[in-house]
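Participant: Using only what follows, build the 3D model:
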Amino acid sequence: MQHKSTYGTLAVKTAVLVIAALLLFAPFLFQDVRALEVAARICIFIVLVASYDLLIGYTGIVSFAHTMFFGFGAYGAAIALRQMGPGWDAVLLGGLAGVLVSLVVATAVGLLSLRVKAIFFAMITLATASVALVLASQLSQFTGGEDGITYRAPDLFKTATKLMVDEDGKVVRLFGVKLNGKLAAYYFVFFTSLALFLLMLRVVAAPLGSVLKAIRENEARAEAIGYRVVAYRTFVFCLSAAVASLAGTVYAIWLKYTGPDTTLSFAIMIDILLMVVIGGMGTMWGAVVGAVLMVMAQYYLRDLMGAAAEATANIPLLPELLNPDRWLFWLGIIFILLVYFFPRGITGTVMQKGARS
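Facilitator: Sure thing, here's the model as predicted:
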């Protein structure tokens with residue numbers, strides 16, 4: 001059974017390694033601005049979805065406040081960079097402030113609410129996230145209100161920054177790509193995201209991961225064995241919040257803009273939920289697959305439908321159905337089909353099939 005179960009796992013891990021390689025070399029493989037934006041967004045969302053999977057997939061905690069912690073990290077960095085100027089001290093201070101606020105709020109919500117039934121906890125997190133969204137809109141002198149904040153990132157990440165110059169003082173090109181600040185910014189996003197993802201992989205591989213699964217499967221039995229369930233749940237809630245906050249800080253540095261729509265909105269929370277379900281709950285690899293598919297669909301499904309509509313222009317009704325404005329309708333259909341054919345998410349189902357074959 002053991003050696004058979006590796007087929008599905010091997011297929012999933014190979015796919016994740018391919019995705020990691022594509023993201024690592026993305027600036028050289030896809031040389032346009034939009035592709036780099038997509039790659040950076042995928043990196044951030046892999047971390048965000050993986051940290052949410054720690055809660056929902058490994059511990060069985062349903063929270064709707066994950067984007068709130070993401071927002072704390074982003075606003076921490078944004079406010080610090082605007083007030084203190086584009087220095088690394090502002091990044092560190094803002095990132096640290098975001099993590100501290102996230103930890104305080106997560107501890108408070110966790111200790112007060114994790115004793116109650118799952119649905120009540122979900123409602124409490126939803127209410128807390130709503131308060132954070134309202135405060136971000138109201139406290140406009142700090143947060144810029146609905147308009148958000150624009151600021152400058154550290155000088156290393158400016159497009160005009162030359163990482164390497166030739167004899168003529170021009171920026172060096174490697175495989176046709178300028179070695180400038182934009183490239184440095186992308187690799188900052190990639191390696192920070194990679195470090196955070198590896199940290200979470202380490203957490204779930206450690207004995208702690210087994211305890212979290214025990215709590216998910218049978219809370220009463222875990223308590224009877226001697227594990228302090230509320231303490232473990234609060235700890236994992238805080239860990240997840242801190243990682244989401246750091247992802248927010250990295251995203252804020254990449255975007256050079258932070259507003260309610262880019263960090264705190266419930267649309268992002270729904271995206272995270274969809275990514276977890278598509279990829280597969282209770283597996284870190286699922287976060288990678290789910291984030292890649294969802295972000296790619298958000299950016300490229302409309303283009304694909306536009307091309308399909310043109311190709312089928314002579315066929316009645318089809319061009320109307322494939323109108324790019326209807327991309328959300330098709331995304332919904334794809335999602336329903338994925339849930340139907342991959343009930344445990346793509347990675348979960350592939351691993352299970354591999355175990356059976």
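
Participant: C-alpha from now on. contacts and neighbour counts both.
Facilitator: Noted.

Participant: Not counting sequence-adjacent ones, nearest residue to the residue most central in space within the chain?
Facilitator: For the chain, residue 45 is the residue whose C-alpha lies nearest the centre (C-alpha atoms, centre = their mean; 2.0 Å). Excluding the flanking residues, the one nearest residue 45 by C-alpha to C-alpha, 6 or more residues apart in numbering is residue 291, at 5.9 Å.

Participant: Just the pLDDT for that neighbour.
Facilitator: With respect to pLDDT, residue 291 scores 92.

Participant: can you give me how far stretch 183-195 is from the chain middle?
Facilitator: Centroid displacement of stretch 183-195 relative to its chain, using C-alpha atoms, centre = their mean, to the nearest Å, is 14 Å.

Participant: if we can go back for a sec, please tell me how far the residue nearest to the centre of the chain sits from residue 37.
Facilitator: 12 Å (C-alpha to C-alpha, to the nearest Å).

Participant: before we move on, what about residue 344?
Facilitator: Distance, residue 344 to residue 37, using C-alpha to C-alpha: 30 Å.

Participant: quick one, which of the two is more surrounded?
Facilitator: More crowded of residue 344 and residue 37, by other C-alpha atoms under 10 Å: residue 344, with 21 against 14.

Participant: Got the phi and psi for the more buried one?
Facilitator: Phi and psi for residue 344, reported as degrees, to the nearest 10, are phi -100, psi 20.

Participant: Skip the chain neighbours and tell me the closest residue to it.
Facilitator: Nearest non-adjacent residue to residue 344, counting by C-alpha to C-alpha, 6+ apart: residue 280, 5.5 Å away.

Participant: Any regions of the stretch 251-357 of the chain where pLDDT drops low?
Facilitator: Within the stretch 251-357 of the chain, the segments meeting pLDDT under 70 span 354-357.

Participant: Which parts of it are helices?
Facilitator: Using DSSP state H, counting those that start in this stretch, the helices of the stretch 251-357 of the chain run over 266-279, 284-311, 318-321, 327-341, 345-356.

Participant: Let me have the ones you listed in a markdown table, extended by mean neighbour count.
Facilitator: Shown next, in a markdown table, are the helices of the stretch 251-357 of the chain (neighbours: other C-alpha atoms under 10 Å):
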| stretch | mean neighbour count |
| --- | --- |
| helix 266-279 | 22 |
| helix 284-311 | 20 |
| helix 318-321 | 16 |
| helix 327-341 | 14 |
| helix 345-356 | 20 |
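
Participant: Tell me which of these lies nearest to residue 119.
Facilitator: Residue 119 lies closest to helix 266-279 among those, at 15.7 Å (C-alpha to C-alpha).

Participant: could you give the angle of that closest one to helix 345-356?
Facilitator: Angle of helix 266-279 versus helix 345-356, following axes from the mean of the first three to the mean of the last three C-alpha atoms, to 10 degrees, is 10 degrees.

Participant: got the angle between helix 266-279 and helix 327-341?
Facilitator: Counting by the same axes, to 10 degrees, helix 266-279 points 30 degrees away from the direction of helix 327-341.

Participant: hmm, who's touching helix 266-279?
Facilitator: 45, 48-49, 52-53, 64-67, 262, 285-291, 293-294, 335, 338-339, 344-348 (C-alpha atoms under 8 Å, 6 or more residues apart in numbering).

Participant: same deal with stretch 209-218?
Facilitator: Residues from elsewhere that reach stretch 209-218 (C-alpha under 8 Å, 6+ apart): 58, 59, 60, 203, 204, 221, 222, 227, 229, 232, 233.

Participant: other SSEs contacting the one helix or strand residue 233 maps to?
Facilitator: Using DSSP states H and E, residue 233 sits in helix 229-255. Packing contacts for helix 229-255, counted by 3 or more C-alpha pairs under 8 Å, 6 or more residues apart in numbering; DSSP states H and E, involve helix 33-53, helix 66-84, helix 88-113, helix 181-205, helix 207-217, helix 219-225.

Participant: Restricting to C-alpha, output stretch 189-206 in CSV.
Facilitator: Taking Å, rounded to 0.1, in the frame of the first residue of the first chain, the C-alpha atoms of stretch 189-206 are listed here in CSV:
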residue,chain,number,x,y,z
VAL,A,189,8.5,38.4,-3.8
PHE,A,190,9.5,34.9,-5.0
PHE,A,191,12.1,34.1,-2.3
THR,A,192,10.1,35.5,0.6
SER,A,193,7.1,33.5,-0.6
LEU,A,194,9.2,30.4,-0.9
ALA,A,195,10.7,30.8,2.6
LEU,A,196,7.2,31.2,4.1
PHE,A,197,5.8,28.2,2.2
LEU,A,198,8.7,26.0,3.3
LEU,A,199,8.1,27.2,6.9
MET,A,200,4.5,26.0,6.7
LEU,A,201,5.6,22.7,5.1
ARG,A,202,8.0,22.2,8.1
VAL,A,203,5.1,22.9,10.5
VAL,A,204,2.8,20.3,9.0
ALA,A,205,5.5,17.7,8.7
ALA,A,206,6.4,18.2,12.4
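
Participant: Show me which residues of that stretch are buried.
Facilitator: Across stretch 189-206, burial judged by 16 or more other C-alpha atoms under 10 Å covers 189, 190, 192, 193, 194, 196, 197, 200, 201, 203, 204.
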